[in-house]
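Asks: structure for the following, please:
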Amino acid sequence: MIVTTSQAFLRTANLDDLDGITDLHTQARATYYQAGGLSEVEITSPDARARRREAWMRSIQSDATTVLCAVLEREIVGTLAMGPPLESAVDAAAVGQLYQIHVRPGCWGQGIGSQLHAAFVQFLRDASLDTGLLEVWERNTRARTFYTRHGWKPDGHPRPGPCDASYVRMRLNLGSDF
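Replies: Prediction:
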């Protein structure tokens, strides 16, 4: 999948992007988790980075997961991972899951997250799915505001997260927009 816009170039990620995606993810996590009370050591330790790198490698190599990079001036400034629902109880014939959107903190507010979100909505449409599902840490107010602005609503199914704060599950219903 390749999409070109006036802001960033969106393309399918490959293993050559692995370190860039891992670094970007680490920077984004450090910003929102530290703001929510998680220690920097828990976020940026070499072990935590290695786990993130391994997870991204599995995602990029997976046939079920789509990973996109947003590239601006040859630098990865955003990433998106999406695919089928992670919970077996969720109907994969109707629902696609947005696993992660991350934008380099210095690039926030430039529309890159919205570009990546639009790619997720297109993913749903291309797969004839009418519902999107995601989880967001309740203390990540920036992300929750972003998703709410794009039409997502909490669905009442939280799960435990770090620092005694839950992950909030949210849904996007394309409905009549479909």
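Asks: who are the contact partners of K153?
Replies: For K153, the residues meeting the contact criterion (C-beta atoms under 8 Å, 6 or more residues apart in numbering) are 170-173. All C-beta atoms are positioned from the backbone trio N, CA, C, and that covers glycine.
Asks: got a PyMOL select line for the buried ones in these?
Replies: Isolation of the buried members of the contacts of K153 (16 or more other C-beta atoms under 10 Å) is achieved in PyMOL through the command below:
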select buried, resi 170+171+172
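Asks: among the contacts of K153, which ones are in strands?
Replies: Where the contacts of K153 overlap with strands, as defined by DSSP state E, the overlap consists of 170-173.
Asks: with respect to D19, which of those is nearest?
Replies: Lowest distance from D19 to the ones in strands among the contacts of K153 (C-beta to C-beta) belongs to M170, with 30.0 Å.
Asks: can I assume the closest one is in contact with G151?
Replies: No - under the criterion of C-beta atoms under 8 Å, M170 is not in contact with G151, lying 9.7 Å apart.
Asks: all strands of this structure, in order?
Replies: Secondary structure of the chain (DSSP E): strands at 2-4, 9-12, 66-72, 75-83, 95-103, 131-137, 153-154, 159-160, 166-173.
Asks: how far off strand 66-72 does the fifth one point, in degrees?
Replies: For strand 95-103 against strand 66-72, the angle by axes from the mean of the first three to the mean of the last three C-alpha atoms, to 10 degrees is 30 degrees.
Asks: for strand 95-103, C-alpha coordinates in PDB please.
Replies: Taking only C-alpha atoms (Å, rounded to 0.1, in the frame of the first residue of the first chain), the coordinates of strand 95-103 have been written out as PDB:
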ATOM      1  CA  VAL A  95     -14.500  -5.400  13.000                       C
ATOM      2  CA  GLY A  96     -10.900  -4.400  12.200                       C
ATOM      3  CA  GLN A  97      -8.500  -3.300  15.000                       C
ATOM      4  CA  LEU A  98      -6.200  -0.300  15.100                       C
ATOM      5  CA  TYR A  99      -3.300  -1.700  17.200                       C
ATOM      6  CA  GLN A 100      -1.100   1.400  17.300                       C
ATOM      7  CA  ILE A 101      -0.600   4.800  15.900                       C
ATOM      8  CA  HIS A 102       2.500   6.700  16.900                       C
ATOM      9  CA  VAL A 103       3.800  10.000  15.700                       C
END
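Asks: in the chain, where is pLDDT below threshold?
Replies: Regions of the chain meeting the criterion pLDDT under 70 cover residues 1-6, 34-38, 176-178.
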